[in-house]
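> predicted model follows, preceded by the sequence.
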Amino acid sequence: MRVLELLASPIFFSIRLPEAYQVATSLLLPPPSAISGALAYSYAIWKDVKFQDSLEKFANSWCFTIPCAPIIQSSIILRRLRLLQAGESFARSKKEWERILKKIPSNVKSELEKRGLLDRSKLRYRHDFLRVLKDIRSDYYWRYYRETLFDAMIRGYVFTDSLYLGCLLSFEEEFMPCFTRLGDTESYLAIKELQFIDSFELKRISKGNEIESYSYVFLKYGGKALVKPMVDSLIQPLSAPGFLIERLKGRKRAKYQYVLPAILPLRREVRRIAGKDVEIFYPRKIRVKVLSEVYLLSYESKILKREVSIIIPEEAIPR
């Protein structure tokens, strides 16, 4: 085993809770699954292997994030605009065609019938229907335009100056991380620094002890409670690396065992900026009491220039 550490510099990112549909705010920090997926992508390219084979290596590793700067959840959201491409079908099936006809106002349907257009073969693409609506000067034009052009998926974004990403690798070979996104396709970042660390301590911590972590800590894992916070803490569901493997294999029920509540290493403050209340999340260490046996990963970070300690569930230790 060895530790990989990265310093990434994102402008903004959006990482939603797995399986969130349409409208989703971003998680405040990249979960282990997002990091392992990005590293697996890099490894697959570097080693010229299949992504799933690569992902299985990283599902047996443990990834984590350490915030390095204040984090702000923006009130700005990205609403994707779906352009009306020439190849975008008006109705992809007979059933869809019937559903569309039921929604069309009766006066519009009558006008289409007069023009001999109540035939699926005559209205092949969405822009054909929009053009007809415009020609007959129908008020329905704007309603259909709005429903067709705008995508229902809306994402919230998080802004921060830099993020520390780490991974306790289950193997020792080197590779070059080359991902440029972390989260959705609009979340770009740059990797500013990369280091491999071979000297670290992995210490078993028994029940009843109090320990600290610079990264998030899962409250439970593998069906048992791991820790409890010693101070008021932010808690958010995060996904562990095994989630991606289960999703690729199509195991719908099994994958949810990897989406679990975790304590975030962040302190929330509300600041008054330009006449508005703005939430700002500042990095901090987490102090917890151990309820079930865990491991504490400790090492001297070459990037942060200080000792780092990370709490890892016993079941997640690389084998």
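That came through fine. Since this is a predicted model, take the numbers as computed values, not measurements.

> can you tell me the distance between the two ends of stretch 271-281?
10 Å (Cα to Cα, to the nearest Å).

> oops, could you answer that again for stretch 98-115 instead?
Note: stretch 98-115 ends 18 Å apart using Cα to Cα.

> then stretch 187-207?
40 Å.

> repeat for stretch 194-213
Length of stretch 194-213, first residue to last, Cα to Cα: 21 Å.

> and that stretch, what's buried?
Neighbour-count burial for stretch 194-213, with 16 or more other Cβ atoms under 10 Å as criterion, is recorded at 194, 197, 205, 211, 213. All C-beta spots, glycine's among them, are computed from the backbone N, C-alpha and C.

> return the distance of stretch 125-144 from the chain's centre.
37 Å (Cα atoms, centre = their mean, to the nearest Å).

> please renumber so the chain begins at 47
Taking 47 as the first residue, the last one we looked at is stretch 171-190.

> in that stretch, what counts as buried?
171-173, 175-176, 178-179, 184, 186-187, 190.

> how much space between the closest residue to residue 345 other than its chain neighbours and residue 220?
Closest residue to residue 345 apart from its sequence neighbours, by Cβ to Cβ, 6 or more residues apart in numbering: residue 246 at 3.7 Å. Residue 246 is 16 Å from residue 220, where distance means Cβ to Cβ, to the nearest Å.

> now, the most widely separated pair of the buried residues of stretch 240-259?
Pairwise distances across these peak at 29.1 Å for 240 and 251 (criterion: Cβ to Cβ).

> for the residue lying closest to residue 93 once chain neighbours are set aside, give me its contacts.
In space, and not counting its chain neighbours, residue 93 is closest to residue 221: 6.5 Å by Cβ to Cβ, 6+ apart. Residues near residue 221 by Cβ atoms under 8 Å, 6 or more residues apart in numbering: 88-89, 92-93.

> so which of those residues are in helices?
Applying DSSP state H to the contacts of residue 221, the entries found in helices are 88-89, 92-93.
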